[in-house]
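Q: can you look at this prediction? I've put the sequence above it.
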Amino acid sequence: MNRRIRWRWRPTSEEAKAIGDKFGVAVESTPGRTVLSVDRARVKEACVAVSSLPGYYHLSTIAGADLGDGIEITYFFWRGRSFFVVRTSVPKTDPKLDSISGVLPGATLYEAEIQDLYGVIFTGSPYTGKRLLLPDKYPADAPPPFRTEADPEKVRKLMQLD
Amino acid sequence: MIDENMPRESEEVSAGLMQYSPENVMPFGPIHPSLKEPEYFKLVLEAGKIKEVIPRIGYVHRGIERAAQDRTWVKNIYLFERICGICSFAHSLGYIQGVEILTHYEVPKRAKYLRTIVAELERIHSHFLWLGLVGHWAGFDTLFMWVWKDREHILDIEEAITGNRIHKSYVALGGVRKDLPDGLKEALLKELVFIEKRASYYHELVQSEETLSVRTKGVGGLTQETATRLCPVGPLLRSTGIARDVRVEDPYAAYDEVIPQVQSSTDGDIACLMTIRLNEVLDSCRLIREAVEKLPSGPVRNPVPRVVPAGESCQHVEAPRGELFYFVRSEGKAGPARVKLRTPTLANIMAAIEMLKGRPIADVPIVLTGMDPCFGCMDRVAFVDLGESAQWTLSGEQLRQYGIEYYRGKR
């Protein structure tokens, strides 16, 4: 009874194309998603451009992921039947990114979460240097818990939990 | 419940978010470990009114996203379900939809309808739970008793359909775990008549009962402009007049055939949150009835291979509290490479903070309950008043009594 289904292809809208042209990159469109990959220096600009598109693009969340030598940061904006995804990555040696919480205060807690779990510093965020999720006892010199190099056992010892 | 390792207020504030002197900040917490989603708020008062709120969350952050990377696709269904005891079905549904998209296999229609029915039952029981809590914090305990008694009817029906009251484990990769038992359709429709009757009664009650209207009318108040900046979700967003519902805008399960009505209002206060949620309960009853009538025959589960091809998917579902977001990334292995989820409460915290500003302390419980975070976690609250420079401490129950007395004096 199984049959493979074809997902409805959603073509890149004019708006998405315009934004892609503005940033000089091709927007990649998959069903339900339009992905704009930008350099980290232009992330704030890209988020402002997407969130000010007509029809209220709602910032669903910001996700972090460990790519090995870098941290990938993904912003999900939702409207209607698709997501507009703004994606960038920062190297682990210099994990810094402009905060968008000044222009979109709804992003404050999402950024603080990534800062705690992946150690990415968002310049201009009210949470810079503070913690939202991690316990105060979490050692400052240990790698943030969601990075691949983080070793829970070592952290347990450092926090004297055993 | 004082944690010795917690930093002293002065230390925390000097490194803190806002540059207030230590005596201006009051801790709102620590948190009772037996309740889920504890959050710690520091409230800054000026002449009895709240000036600033500083959240500090993560007390029960257990690194589930990281744990998911070490588990298989199927085991994760049960892991994510345990994030929340109230919207457990929404969590497993959001995750499994993300996985199913990656596998490119279709879910049988009957399973989609059954998923819709259970999701709506969950919405009713969650909204009833919330209404009971609002009654409790407003000093109307009779409402609390009534609503929670009625909620048992829904839990019983959920148990009859899925086998469990709370952690239903009902979804399975490619469908649902089991079919509707024989003769349950009639029992379900009979219960719906009862629930509808009760919900209509509560609808009338919350608008006419003075205790509730004194405590909730004009309390909170979020504007549309603030909402677009702070990105809240669910009833909180809809109370500002932005009629957004994932079920309607981005239909999943059987919501493209059983179409919900978006409930919205423009008042933005707690009173209108009650009406919105009760309207949603009534609408859910209609949806369940419609889904049961239209329920197609056929299998409830398609076998889906346990190896998920590499790819990414973003899925979201409308949990009772609002948009619940799941991002799933596969690298073609036995388990996910990354799962990111965002619960509605996290999205709503910023908006709740905005709602608290300028309100008296008496409104703290009701406003925080208003955003529906299952917020019974007010174990001890210490207050510092900027104007009077007095300091006092209240337990959760004392705070509730204080709120009741405050409004009794005003009436």
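A: Arrived safely. Numbers count the residues shown, from 1 in each chain, chains lettered A, B, ... in the order given.

Q: count the neighbours of B:Leu341 for me.
A: Residue neighbour count, defined by other C-beta atoms under 10 Å in any protein chain shown, stands at 23 for B:Leu341. All C-beta atoms are positioned from the backbone trio N, CA, C, and that covers glycine.

Q: hmm, it is touching B:Phe80, no?
A: Yes - counting by C-beta atoms under 8 Å, B:Leu341 sits close enough to B:Phe80 to count as a contact (7.2 Å).

Q: now list whatever residues contact both of those two.
A: Taking C-beta atoms under 8 Å, 6 or more residues apart in numbering or on different chains as the contact rule, the neighbours common to B:Leu341 and B:Phe80 are B:His91, B:Gly94, B:Tyr95.

Q: neighbours around the first one, how many?
A: B:His91 is flanked by 24 other residues according to other C-beta under 10 Å.

Q: quickly find the element holding it.
A: Per DSSP states H and E: B:His91 is located in helix B:88-103.

Q: and after that helix, which helix or strand comes next?
A: Assignment by DSSP H and E places the next element after helix B:88-103 at helix B:109-137.

Q: who's in contact with A:Ala112?
A: Per C-beta under 8 Å, 6+ apart, neighbours of A:Ala112: A:Ser125, A:Tyr127, A:Lys130, A:Arg131, A:Leu132, A:Leu133.

Q: check those residues one by one and keep those near chain B.
A: Contacts with chain B within the contacts of A:Ala112, as defined by C-beta under 8 Å from any C-beta of the partner chain: A:Tyr127, A:Lys130, A:Arg131, A:Leu132, A:Leu133.

Q: just those residues now: which is nearest B:Glu65?
A: Top of the list for closeness to B:Glu65, among the ones next to chain B among the contacts of A:Ala112 and by C-beta to C-beta, is A:Leu133 at 11.5 Å.

Q: and stretch A:74-92, how far apart are its ends?
A: 16 Å (C-alpha to C-alpha, to the nearest Å).

Q: which parts of that stretch are buried?
A: Buried residues in stretch A:74-92, counted by 16 or more other C-beta atoms under 10 Å in any protein chain shown: A:74-79, A:82-90, A:92.

Q: before we move on, what about stretch B:208-218?
A: B:Glu209, B:Thr211, B:Leu212, B:Val214, B:Arg215, B:Thr216.

Q: pLDDT check: weakest of those?
A: On pLDDT alone, B:Thr211 ranks lowest of the buried residues of stretch B:208-218, at 81.

Q: any idea which helix or strand carries that one?
A: helix B:210-216.

Q: so where's chain A uncertain?
A: A:1-13, A:30-31, A:162 (pLDDT under 70).

Q: which stretches in it count as strands?
A: A:28-30, A:33-37, A:58-66, A:70-79, A:82-91, A:96-98, A:121-123 (DSSP state E).

Q: the ones you listed: which one's closest to chain B?
A: strand A:58-66 (3.8 Å; C-beta to the nearest C-beta).

Q: what helix or strand is B:Arg244 on?
A: Using DSSP H and E, no helix or strand contains B:Arg244.

Q: isn't it right up against B:Arg238?
A: Yes - counting by C-beta under 8 Å, B:Arg244 does reach B:Arg238; the two are 6.7 Å apart.

Q: check the offset of the helix holding B:Thr211 from the chain's centre.
A: 22 Å (C-alpha atoms, centre = their mean, to the nearest Å).

Q: what's whichever helix or strand comes after that helix in contact with?
A: Helices and strands here follow DSSP H and E; after helix B:210-216, the next one along the chain is helix B:224-230. Residues outside helix B:224-230 that contact it (C-beta under 8 Å, 6+ apart): A:56, A:104-106, B:236-237, B:240-242, B:266, B:350-351, B:354.

Q: rewinding a little: kindly reformat the strands of chain A as a markdown table containing distance to chain B.
A: Converted to a markdown table, those look like this (distance: least, C-beta to the nearest C-beta, whole Å):
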| stretch | distance to chain B |
| --- | --- |
| strand A:28-30 | 8 |
| strand A:33-37 | 6 |
| strand A:58-66 | 4 |
| strand A:70-79 | 6 |
| strand A:82-91 | 5 |
| strand A:96-98 | 17 |
| strand A:121-123 | 14 |
